[in-house]
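**Student:** Generate a structure from the sequence data that follows.
(one chain, ligands or ions: 2)
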Amino acid sequence: MRIEKNSELLTNIKSAGIILKPSSPELKDIYLKIKTLFEEANINIYLEDNSANMISLNGYSLDELCQKVDFLISVGGDGTLLSVVRKSFKFDKAVLGINLGTLGFLTDISMEQLPDFIKDLKKGIYKIDNRMMVEGSVNLNKFVAFNDIVISRKSISSMIKIAGKIDGKHFNSYYGDGVIISTPTGSTAYNLSVGGPIVYPLTEAFIVTPVAPHSLTQRPLVMPVDFEIEFKIIDNQGAVVIVDGQDIYEVEQNQSIKIKIAKQKAKMIHRIQRDYFEVLNEKLRWGN
Ligand SMILES: NC(=O)c1ccc[n+]([C@@H]2O[C@H](COP(=O)([O-])OP(=O)(O)OC[C@H]3O[C@@H](n4cnc5c(N)ncnc54)[C@H](O)[C@@H]3O)[C@@H](O)[C@H]2O)c1
Ligand SMILES: Nc1ncnc2c1ncn2[C@@H]1O[C@H](COP(=O)(O)OP(=O)(O)OP(=O)(O)O)[C@@H](O)[C@H]1O
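**Tutor:** Ligands and ions are numbered 1, 2, ... in the order given. Prediction:
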């Protein structure tokens, strides 16, 4: 089995910050259980303030939390993890995902696995992998995505035309429902649903996949990481740009979205036993 490129492990872990899936006050008991398990292992737990308000406790803003703790813990599904990675990215904190969601493709650890994982964490038996992020800008807004940046039509009744340039030179026009610019991590999300390739998460590349193109010759493109891509909206109705399925920006006709790979990478904490192909097998029901 291929050895993944790890980041350095965390040293002398003293504390972690927890972010809970929003609108889920029923998570209070699970939070208290997680806190007890970590504190029994001498790792102090602090809570993010939106999560704290939700379960009537006190907390810290995400920025304060990132400055205070050694790593972050996302408790929820893939969506919660995506949001935690994106919002904490500038602080370069490793993130562990505890899975309470339905699919749990990105979140590694279940509540049943947590006690053993904490023992391994204390002994340094875990891995941290570095995941590519894409960064984009629209007008004066700058953002990063862990999964994908989607450029989509505003209304379902019409198609959209988008002109693509690489390093300033025209390479393609997309005419259809839109375009997905995905990281290798995001390749198993929206990209997969519209026929894009699965790209091993530590691959150095990004993927540009048309959504319902009105030309049978259009195909997903896998691009090298040093390309800078610009998409200009030709359509007179404008478009929307959706970041990780969660943040939305409006773009007008003739405006452009610029996209490139972020210099820094996101750090994900995994169980040492985690194997990507087993995850594919289990979650996508391959080979069954
Ligand atoms: N038709 C589609 O498949 C479609 C449409 C819109 C958005 N999305 C994806 O949903 C993502 C946001 O996820 P969410 O959980 O916040 O929203 P969500 O709750 O609507 O989840 C969509 C599904 O995608 C799964 N998912 C998310 N990231 C994944 C990944 N990297 N690999 C495999 N599966 C993944 C989630 O577990 C969930 O089952 C977006 O980044 C986009 O890729 C998919
Ligand atoms: N901080 C956040 N900001 C905005 N939306 C969020 C945030 N955290 C989660 N969400 C959204 O809330 C919804 C549910 O969260 P999440 O994905 O964590 O749980 P789930 O749907 O149960 O699990 P999964 O996505 O693994 O199936 C998702 O659509 C996700 O995009």
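**Student:** So which bits of the chain are right by ligand 1?
**Tutor:** Taking C-beta under 6 Å from any ligand atom as the contact definition, the chain meets ligand 1 at 77-79, 82, 101-103, 105-106, 147-148, 185-186, 188-190, 193, 244-246. Where you see a C-beta, it was placed from the backbone N, CA and C, and this is true even at glycine.
**Student:** List only those of those flagged as buried.
**Tutor:** Buried subset of the residues of the chain next to ligand 1 (neighbour count, 16 or more other C-beta atoms under 10 Å): 77-79, 82, 101, 105-106, 147-148, 185-186, 188-190, 244-245.
**Student:** Among the residues you listed, which ones lie close to ligand 2?
**Tutor:** Among these, ligand 2 is touched by 77, 78, 79, 101, 245 when using C-beta under 6 Å from any ligand atom.
**Student:** still on that earlier bit, show only the entries of the residues of the chain next to ligand 1 found in strands.
**Tutor:** Taking DSSP state E as the definition of strands, the residues of the chain next to ligand 1 contribute residue 148.
**Student:** Narrow the residues of the chain next to ligand 1 to those in helices?
**Tutor:** With helices taken from DSSP state H, the overlap with the residues of the chain next to ligand 1 comprises 78, 79, 82, 190, 193.
**Student:** Quickly name whichever of these is closest to residue 273.
**Tutor:** residue 78 (19.8 Å; C-beta to C-beta).
**Student:** wouldn't that closest one be in contact with residue 106 here?
**Tutor:** Yes - using C-beta atoms under 8 Å as the test, residue 78 is close enough to residue 106 to be in contact (4.7 Å).
**Student:** Residues that sit against both of the two, list them.
**Tutor:** The contact sets of residue 78 and residue 106 overlap at residue 97 (C-beta atoms under 8 Å, 6 or more residues apart in numbering).
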